[in-house]
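Chemist: Sequence plus the predicted model coming up.
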Amino acid sequence: MSVSERTVKNKRNSSGELTGRSGLVYDVNIKYRSSGQTKTHSKKGFATKKAALEYEAAMRAKLINPSYAPPTAAQSKRTIGEYMDDWIENHGKANLRPSTLAGYKSNIKNHIKPHIGDIALNQLTPARLDKLFADLSDEGLSQSSIRYVQRILSVALEHARKYHYIEGNPTRDIITRFGKQGKTPDPYTVDQMKTLMGSAIGTPLELTITLAGLYGLRISEILGLRWRNVNLKEGTFAVVEQLPYDLPRGTTCIKEMAPVKSSERVLPITATTLPLLEQQLASQQRQRAMLLDAGGSYFDNDLVISKPDGRPEGRVTISSKFALLLKQLGMPHIRFHDLRHTAATNMHELTGDFYTISQILGHSLKGVGIQLNIPTSMNAVTARYVDVRLERKNFVLDAYHSAIYNMLS
């Protein structure tokens, strides 16, 4: 067998440090044929049998594969910072969603390059990565954020290994153990939504919170909703596009919207929502007239939610105003996106109509099942397409909206 064990008086641990205790270590001895001759490759002293077996398997593949290419010297000597910049530009832009790409770039800039950006690619070790994660923790970064940094490095360095820039991926051998991620906030109950909606009445956030917390729209779908897709006469609106995530700061006119993440959907305008949309349209028309009469500029993007001059509203602005409102009300903190979960949960508790809720949210049945903690293996949840009529959507939405507004009246 290629892996053997022996006892030593002073065993090293998995980090290579002497423990002062006796114990078993594992040696690898591989016999292979090369140029018609039998040769032997050996490496001794592995702390665990698993590590020895993994090394044996990887090295055997290299020794018997004549096409194996050693790490490229020029690439190996590049710094982590240089490699990460090149990787995110070439791989990231082609393979990541705009929102994910933005998150990767931010973490590379703020958490990876400042700590290990000057280290040569072939000099990065598991121990140095463990120090990076410890430093980030000392700086106050949450466990989930540090785990995200580790995931970015793992993907990037695995690509470097496959390109033969480095011999192995050092993220595989880190000993850092990440703590449990924070508990997802509980969705608001109908009573809590009543409090929230009552405080939002007459404020610029009222319609935005309605679309998120009572319909379950994503913030990008809300900010990308245009009047051309709203039919006040028929009482419907269509969710067919969303505000691009990578819209440059200061954009005045939107050239092109982004497609929605899920299938397009048509939703009914409930009796409680119709006045809000009518008021919003009238308010925008007044604002436009006032600006133009005063010699100002109005940017007609046809947006339902916009700045006073018609420019697109920002996600961060909405989220910040929402967080401030919750603080003023003394309500449990949730993210603006958690209003979507709130809508799904409350609609399900009031109606139990799993299929219709999935259509309202534009979510897969499995996705809604996960969101509502409903086992997707149950007989009621199947992969078949369910055609939910507009009337049924209106029933589910009206049941939820009425429960909120009846409390307010």
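Modeler: Ah, there it is.

Chemist: which residue is nearest the centroid of this structure?
Modeler: Central residue of the chain (CA atoms, centre = their mean): residue 100, 6.3 Å from the mean position.

Chemist: how much space between that residue and residue 303?
Modeler: Distance of residue 100 to residue 303, computed by CB to CB, to the nearest Å: 25 Å. In this view, the C-beta of every residue, glycine as well, is placed from N, C-alpha and C.

Chemist: What of residue 47?
Modeler: From residue 47 to residue 303 the distance is 61 Å (CB to CB).

Chemist: got a list of what the closest residue to residue 26 other than its chain neighbours touches?
Modeler: Excluding the flanking residues, the one nearest residue 26 by CB to CB, 6 or more residues apart in numbering is residue 52, at 3.8 Å. Applying CB atoms under 8 Å, 6 or more residues apart in numbering to residue 52 gives the contacts 3, 26, 27, 28, 46.

Chemist: Model confidence for the residue nearest to the centre of the chain, exactly?
Modeler: Note on residue 100: pLDDT of 86.

Chemist: For residue 241, see how far away it is.
Modeler: For residue 100, the distance to residue 241 - CB to CB - is 19 Å.

Chemist: Then residue 51?
Modeler: 51 Å.

Chemist: Those two: which has the busier surroundings?
Modeler: residue 241 (19 against 15; other CB atoms under 10 Å).

Chemist: roughly how far apart are the residue nearest to that one when sequence neighbours are not counted and residue 222?
Modeler: Of all residues not flanking residue 241 in the chain, residue 257 sits nearest, at 3.8 Å (CB to CB, 6+ apart). Distance from residue 257 to residue 222, counting by CB to CB: 13 Å.

Chemist: which one of those two has more residues nearby?
Modeler: Regarding residue 257 and residue 222, a neighbour count based on other CB under 10 Å identifies residue 222 as having more, with 26 against 18.

Chemist: and the more buried one, backbone torsions?
Modeler: phi -70, psi -50 (degrees, to the nearest 10).

Chemist: Chain neighbours aside, what residue packs nearest to it?
Modeler: Distances taken as CB to CB, 6+ apart place residue 211 nearest to residue 222, at 4.8 Å, with adjacent residues excluded.

Chemist: Helix or strand: which one has the one you found?
Modeler: helix 206-213 (DSSP states H and E).

Chemist: Run through the neighbouring helices and strands of that helix.
Modeler: Helix 206-213 sits against helix 190-200, helix 219-223, helix 274-293, helix 338-351, with contacts defined as 3 or more CB pairs under 8 Å, 6 or more residues apart in numbering; DSSP states H and E.

Chemist: Which among these is found nearest to residue 160?
Modeler: Of all the helices and strands packed on helix 206-213, it is helix 219-223 that lies closest to residue 160, at 32.8 Å by CB to CB.

Chemist: ok so, going back, could you give the average pLDDT over the helix holding residue 211?
Modeler: Mean predicted lDDT for helix 206-213 stands at 96.

Chemist: follow-up on the earlier one: if you count surrounding residues, which of residue 47 and residue 303 has more?
Modeler: Each of residue 47 and residue 303 has its neighbours counted (other CB under 10 Å); residue 303 has more, 22 against 19.

Chemist: returning to what we had before: what's the closest of the helices and strands packed on helix 206-213 to residue 174?
Modeler: helix 338-351 (31.7 Å).

Chemist: Contacts for that closest one, please.
Modeler: Taking CB under 8 Å, 6+ apart as the rule, helix 338-351 contacts 184-185, 187-190, 193, 209, 212-218, 334, 353-354, 357, 360-361, 363, 368, 371-372, 395-397, 399-400, 403.

Chemist: could you flag which of the residues you listed are buried?
Modeler: Neighbour-count burial (16 or more other CB atoms under 10 Å) is assigned, among the contacts of helix 338-351, to 187-188, 193, 209, 212-218, 334, 353-354, 357, 360-361, 363, 368, 371-372, 396-397, 400, 403.

Chemist: What part of the protein, helix or strand, is modelled with the least confidence?
Modeler: Taking mean pLDDT, DSSP states H and E as the measure, the helix or strand of the chain with the lowest value is helix 365-371, at a mean of 51.

Chemist: any idea which helix or strand comes after it?
Modeler: helix 390-408.

Chemist: Quick check: which helices or strands does that following helix pack against?
Modeler: Counting by 3+ CB pairs under 8 Å, 6+ apart, helix 390-408 packs on helix 190-200, strand 265-268, helix 338-351, helix 354-361.

Chemist: In the stretch 301-409 of the chain, where is pLDDT below threshold?
Modeler: For the stretch 301-409 of the chain, applying pLDDT under 70 flags the ranges 363-388, 407-409.

Chemist: Check the stretch 101-250 of the chain too.
Modeler: Scanning the stretch 101-250 of the chain with the threshold set as pLDDT under 70 gives 179-184, 246.

Chemist: all helices for it, in order.
Modeler: With DSSP state H, counting those that start in this stretch applied, the stretch 101-250 of the chain shows helices at 113-116, 126-138, 143-162, 190-200, 206-213, 219-223, listed in chain order.

Chemist: now for the third one, which elements pack on it?
Modeler: This points to helix 143-162. Looks like helix 143-162 contacts helix 80-87, helix 98-107, helix 126-138 (3+ CB pairs under 8 Å, 6+ apart).

Chemist: Cheers, nothing more for now.
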